[in-house]
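Colleague: model this:
(chains A and B)
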Number of protein chains: 2
Amino acid sequence: VDPEVAALQRTAAERKDVIGLSGGLPDTELMPREEIAVALAAVVRRADEALQYAWPEGVARLRAWIAKRLSARGADVSADDVIVTSGAQQALSLIGMAHRGKRIAVGEATYPAAIAAFERAGAEAVVDDGDARYVMPGVANPSGRELLAGMPGGVVIADEAYTELRYDGTLPRPLVADARDRVWHIGTLSKTVAPGLRVGWLVPPRGEHQELIDLKEASDLQTASVTQEAAAYLLTRFDYDAHIERSRAAYRKRCEVFCTALHEVAPQLAFDEPAGGFSAWIELPDERDELALLERAIENGVSFDPGRGFRPPGSTGPSAIRASFSNAPIDQLAEGARRLATTLGASASRRHS
Amino acid sequence: VDPEVAALQRTAAERKDVIGLSGGLPDTELMPREEIAVALAAVVRRADEALQYAWPEGVARLRAWIAKRLSARGADVSADDVIVTSGAQQALSLIGMAHRGKRIAVGEATYPAAIAAFERAGAEAVVDDGDARYVMPGVANPSGRELLAGMPGGVVIADEAYTELRYDGTLPRPLVADARDRVWHIGTLSKTVAPGLRVGWLVPPRGEHQELIDLKEASDLQTASVTQEAAAYLLTRFDYDAHIERSRAAYRKRCEVFCTALHEVAPQLAFDEPAGGFSAWIELPDERDELALLERAIENGVSFDPGRGFRPPGSTGPSAIRASFSNAPIDQLAEGARRLATTLGASASRRHS
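Modeller: Numbers count the residues shown, from 1 in each chain, chains lettered A, B, ... in the order given. Prediction:
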């Protein structure tokens, strides 16, 4: 975490005049708020389980729901194979601990907190040629694109945080379905239901299962019983697929509004339109001081995530920014694109090299 | 984690005929269930914060409550110094990560998951002569006794999980009040409110604060927004001190019932009566196979925690058991003590050496 960037983002987040295009935050309007409130109160009132300690692998009904959805997609996964984690982030951290001293290839640009999770847990994040490879099937972060061409070789860490949010509605066959013994499968409710619940999951290769349970227990004993029970209550009662379909349509619309506006005001900015998820990844034509750009952006009333945070040590890609259109009010996205273009354009003549 | 012991404990937990004296589980009857249900539903319904991402250090109102209580006990701690963790366990794990490659002294017997947290995070748990020392002020686990005689020297990891549950109602001055620069202070709601919330906290030495925030963020981004917001809602509305007083009285009563019964049926078993907390630590007069004892105990309809789990590598203490009187129905505690005595007595003649 770059402390200067973090400080700027906190400042920006508190300013109501800044259109927030930083952070991978879901749209709170899409969250099933009333259903979650009902679920939380119900599980606490009806039994001790939601308040008491639970086993480290997590609540059985929730694991069963997760396994059922993976099975329906062709994977040989049962409830006993699933470990509930405190968000996908903890799954990444635990996998990092299981790869201590090893190298994990993450590519030229990836989710910054995955790099941090691996490195802080004692593994090394590298661009390529790792002992394992970290991928985001269907929808990669930060690009919002499918970067995989078929099943990768070797040990694979498959993070499906955004996979269900492909705008075309397709859901790829999970990698774990085709290589159960070498794929670490990660999923989460953070992008589709609510990140504040911190409910994610991990399906490790079978030979690693007990080790990962032990690492999970040592890390925080278990994920909160109350959020697990509430998630299980919610997911077995409401139409999750219909909810995903609504969410996909909403983010597709947001993407269209933002990208259309950005193309209009800054036609010289070439970028791949996202196929899903929350963000666009915009590589800049010139080398730029991304921190200075962010400072100027905030002055101009918009925020973004500097690209360098997405680069693992050793990556030498061009200057870039990630702009997330997932959380700002949708009627501000076009103005956010204009402010972004102003920020990038206003400084186009001030090259650092 | 000893897999054989873990398997036996899971079996025992599922058998209704086994009086559970294993695990440090609080009494669910003491948990403010309705208040928690109301708090959870309220914070989800009233604002986005409970469902959305939050900053890694945790929710400001909760940190303020924690800091205020520590300040009232003489510590120079503000809300900005507090990091909310996913239970005290995660605080231990993060501290272990911050001490990677170093030795943490834990004494002859201590909380097993502290040993696991330190070791899995890359530190080494040793009996004594560490680079840092792990202590449980006021009420140690497993003994239920005050083991500290004054302020220890060097770096101190002070785990106050049970400190508020001293039967005599005294609350010791927190170690962090007298050595702010070398004490890592840990607290939790798990023993006093509900472990299923997974809300604990950490106050690191000031120079370590940012590093610990970074480790926390890499580990799971943040503790669940919804449980943090609910905890803040609850704690600023209900009389926590009165709740603690009720809890102390209830566990004191449980302790009396259990210890009186055990002394009566097994007067030859000498053990120190707990001064607080959930458990008694009973060192056995002979060397015993603790796993075989546990198997026999479960046959006899009672469970306990084998002492060896509490020993760090290199500790050579006598055979022992931890018996927790905190969670079994109070009217079964005397019978539990009898079954425990039978188990220990029935095998008194079968020495292994």
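Colleague: ok, the helix ranked longest in chain A near chain B or not?
Modeller: Ordering each helix of chain A by length in residues (DSSP state H) puts helix A:240-265 first. No: Helix A:240-265 lies out of reach of chain B by Cβ under 8 Å from any Cβ of the partner chain, never closer than 13.9 Å. For the C-beta atoms, the positions are set from N, CA and C on the backbone; glycine is no exception.
Colleague: Render the CA-only coordinates of whatever helix or strand comes next after that helix in CSV, please.
Modeller: Proceeding N to C from helix A:240-265, the next assigned helix or strand is strand A:279-283, under DSSP states H and E. Extracted in CSV, the C-alpha atoms of strand A:279-283 (Å, rounded to 0.1, in the frame of the first residue of the first chain):
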residue,chain,number,x,y,z
SER,A,279,-13.8,-0.9,-13.7
ALA,A,280,-12.0,0.2,-16.8
TRP,A,281,-8.2,0.0,-17.1
ILE,A,282,-6.8,2.9,-19.1
GLU,A,283,-3.2,2.8,-20.2
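Colleague: Tell me the strands beside strand A:279-283, with direction?
Modeller: strand A:320-324 (antiparallel) (DSSP bridges).
Colleague: What helices and strands are in contact with whichever helix or strand comes after the strand it pairs with?
Modeller: Next along the chain after strand A:320-324, taking DSSP H and E as the criterion, comes helix A:333-346. Applying 3 or more Cβ pairs under 8 Å, 6 or more residues apart in numbering or on different chains; DSSP states H and E, we find helix A:333-346 packed against helix A:240-265, helix A:290-299, strand A:320-324.
Colleague: In CSV: these, plus mean neighbour count.
Modeller: Output for the helices and strands packed on helix A:333-346, formatted as CSV (neighbours: other Cβ atoms under 10 Å in any protein chain shown):
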stretch, mean neighbour count
helix A:240-265, 17
helix A:290-299, 19
strand A:320-324, 26
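Colleague: helices or strands next to the longest helix of chain A in the packing?
Modeller: Short answer (3+ Cβ pairs under 8 Å, 6+ apart): helix A:240-265 packs on strand A:279-283, helix A:333-346.
Colleague: go with 10 Å
Modeller: For helix A:240-265, the helices and strands in contact under the criterion 3 or more Cβ pairs under 10 Å, 6 or more residues apart in numbering or on different chains; DSSP states H and E are helix A:60-72, helix A:225-235, strand A:279-283, strand A:320-324, helix A:333-346.
Colleague: Determine which of the helices and strands packed on helix A:333-346 approaches A:Val126 most closely.
Modeller: strand A:320-324 (19.2 Å; Cβ to Cβ).
Colleague: That closest one to helix A:290-299, inter-axis angle?
Modeller: 40 degrees (axes from the mean of the first three to the mean of the last three Cα atoms, to 10 degrees).
Colleague: tell me how far strand A:320-324 is from the chain's mean position?
Modeller: When C-alpha coordinates are averaged (Cα atoms, centre = their mean, to the nearest Å), strand A:320-324 and its chain have centres 14 Å apart.
Colleague: now swap in stretch A:31-41 and tell me
Modeller: Counting by Cα atoms, centre = their mean, stretch A:31-41 comes out at 22 Å from the chain centroid.
Colleague: same thing with stretch A:304-318?
Modeller: Averaging C-alpha positions (Cα atoms, centre = their mean) puts stretch A:304-318 17 Å from its chain's average.
Colleague: cool, and stretch A:187-207?
Modeller: 10 Å.
Colleague: which parts of it are buried?
Modeller: A:187-205 (16 or more other Cβ atoms under 10 Å in any protein chain shown).
Colleague: Among those, which ones are in strands?
Modeller: Those of the buried residues of stretch A:187-207 mapping onto strands are A:187-188, A:200-203, per DSSP state E.
Colleague: which one of the residues you listed sits closest to A:Gly24?
Modeller: Distances from A:Gly24 to these, taken by Cβ to Cβ, are shortest for A:Thr188, at 11.3 Å.
Colleague: So the closest one is in contact with A:Leu165, correct?
Modeller: No: contact criterion Cβ atoms under 10 Å: A:Thr188 and A:Leu165 do not qualify, at 11.4 Å.
Colleague: Can you add distance to B:Pro152 and mean pLDDT and give the helices and strands packed on helix A:240-265 back as TSV?
Modeller: As requested, the helices and strands packed on helix A:240-265 are exported to TSV (distance: least, Cβ to Cβ, whole Å; pLDDT from 0 to 100):
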stretch	distance to B:Pro152	mean pLDDT
helix A:60-72	42	98
helix A:225-235	34	98
strand A:279-283	49	97
strand A:320-324	47	97
helix A:333-346	54	92
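Colleague: Thanks a lot, catch you later.
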